[in-house]
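Q: Build the 3D model from these lines:
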Amino acid sequence: GVSGMNGWHPHDPKHTTIVNAQLAVANATRYPEFEGTVASVETRDFYRAAKPSSPGDQIYHWNNNCESYWRIGQAMGEA
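A: Numbering: from 1, shown residues only. Predicted coordinates:
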C-alpha cells in the first residue's frame, strides 16, 4: 500500500513524490523484472480525519482509525 496517510491533500510535496514512486514500482512497462510479483495499492481514499471521525489525531498512524486499517488490508489482500 502507498503512503496514503493524510489522504489526497499532503502538505509536503515530497509525500507526492514518494507515493508516485510506490505506485510506479507495479508498472510492468517500467519495471519488467517485477511483473506479476508486485502490486501497488492506492490507500489515500481510506484516510479518515481526526476526531470526531477517528479516535486519535496522529496522521502517521492513520489517526488510529480501525476502518482505515481494515480497508487497507482488504485492498492489499485483493491485489
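Q: What segments of this protein are helices?
A: Here the chain has its helices, by DSSP state H, at 13-24, 66-78.
Q: who's in contact with the helix or strand of the chain with the lowest mean pLDDT?
A: Counting by mean pLDDT, DSSP states H and E, the chain has its least confident helix or strand at helix 13-24, which shows a mean of 92. Helix 13-24 is contacted from outside by Val2, Ser3, Gly4, Asn6, Pro10, Arg30, Tyr31, Ser40, Glu42, Arg44, using CB atoms under 8 Å, 6 or more residues apart in numbering. Placement of C-beta: from N, CA and C, glycine included.
Q: again, only this time at 6 Å
A: Val2, Ser3, Arg30, Ser40 (CB atoms under 6 Å, 6 or more residues apart in numbering).
Q: Same check on stretch 60-71?
A: By CB under 6 Å, 6+ apart, stretch 60-71 touches Met5, Phe46, Arg48, Ala50, Ser54, Pro55, Gly56, Asp57.
Q: what number of residues lie near Cys66?
A: If you count neighbours by other CB atoms under 10 Å, Cys66 ends up with 11.
Q: do you know how far it is from Lys51?
A: Distance of Cys66 to Lys51, given as CB to CB, to the nearest Å: 14 Å.
Q: Show me which positions of the least confident helix or strand of the chain end up buried.
A: His15, Val19, Gln22 (16 or more other CB atoms under 10 Å).
Q: Quote the end-to-end distance of stretch 17-36.
A: Start to finish, the residues bounding stretch 17-36 are 24 Å apart (CA to CA, to the nearest Å).
Q: For Asp57, give me its contacts.
A: Ala50, Asn63.
Q: could the helices of the chain go into a markdown table alongside distance to Gly36?
A: Shown next, in a markdown table, are the helices of the chain (distance: least, CB to CB, whole Å):
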| stretch | distance to Gly36 |
| --- | --- |
| helix 13-24 | 16 |
| helix 66-78 | 16 |
